[in-house]
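A.B. asks: The sequence isn't on hand, but the structure is:
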């Protein structure tokens, strides 16, 4: 493998991290994490611990707050030197997200931006908790983009460049 890469022999890098001593935690938001059917059990099954509650779902306007509250409670159960890989699927940007703009009845770019602002407003608590533990690599990304009228298309279950364009950022939180 190229220098600096993370080679592994397990089926997924999540399983590899668990094999090397990480606690792997998944906190799902959308129904793909609910474990209510075969599809909803696949990705959570890669983790040593996985959780989903209806209060984490798309229709809950305070879903990100609930997910981060839950994550913080889980982190309390581990000593600071325990390595943790935590994946949180924030459902707030998935439809419906119109409830993040008062009076809005339909999702659009404004409500999507409001949902992102809501999630961003909740992240400092999570970041502070990880900064108390250790230096932490944060990877923030979406699983897809969403069309809001581009070329006449709506939402994300379609083949469109906007859907394929995935926002991504990574950075290190340093221990404080």
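C.D. replies: Good, I have the coordinates. Just so it is clear, the model here is predicted, and its values are computed rather than measured.

A.B. asks: With residue 132 as the reference, measure out to residue 142.
C.D. replies: Distance check for residue 142 against residue 132: by Cβ to Cβ, to the nearest Å, it reads 27 Å. Glycine gets a C-beta too; all of them are placed from N, C-alpha and C.

A.B. asks: And the contacts of the helix or strand bottoming out on mean pLDDT in the chain?
C.D. replies: The helix or strand of the chain with the poorest confidence is strand 154-155; it has a mean of 88 (mean pLDDT, DSSP states H and E). With Cβ atoms under 8 Å, 6 or more residues apart in numbering as the test, strand 154-155 has contacts from 95, 107, 146, 147, 148.

A.B. asks: so where do the helices sit in the protein?
C.D. replies: Under the criterion DSSP state H, the chain contains helices at 13-19, 39-42, 63-75, 109-133, 161-164.

A.B. asks: Figure out which of these is closest to residue 49.
C.D. replies: Taking Cβ to Cβ, helix 63-75 is the member of the helices of the chain nearest to residue 49, at 7.5 Å.

A.B. asks: Point to the residue nearest the middle of the chain.
C.D. replies: With distances taken as Cα atoms, centre = their mean, residue 89 lies nearest the centre of the chain, 2.6 Å away.

A.B. asks: Give the closest residue to it in space, chain neighbours not counted.
C.D. replies: Of all residues not flanking residue 89 in the chain, residue 29 sits nearest, at 4.3 Å (Cβ to Cβ, 6 or more residues apart in numbering).

A.B. asks: Equivalent analysis for residue 23, please.
C.D. replies: Beyond its immediate neighbours in the sequence, the residue positioned closest to residue 23 (Cβ to Cβ, 6+ apart) is residue 84, lying 5.0 Å away.

A.B. asks: For that neighbour, the count of nearby residues, please.
C.D. replies: Per other Cβ atoms under 10 Å, the neighbour tally for residue 84 reads 18.

A.B. asks: I'd like to know how far it sits from residue 69.
C.D. replies: Residue 84 is 17 Å from residue 69, where distance means Cβ to Cβ.

A.B. asks: Of residue 142 and residue 132, give the one with the bigger neighbour count.
C.D. replies: Shown here are residue 142 and residue 132; by other Cβ under 10 Å, residue 142 has more neighbours (15 against 12).

A.B. asks: got the contact list for the more buried one?
C.D. replies: 93, 166, 167, 168.

A.B. asks: Tell me the most packed of those, by neighbour count.
C.D. replies: Top of these by neighbour count (other Cβ under 10 Å): residue 93, with 24 neighbours.

A.B. asks: nearest residue to it other than its sequence neighbours?
C.D. replies: Per Cβ to Cβ, 6+ apart, closest to residue 93 is residue 115, 4.7 Å.
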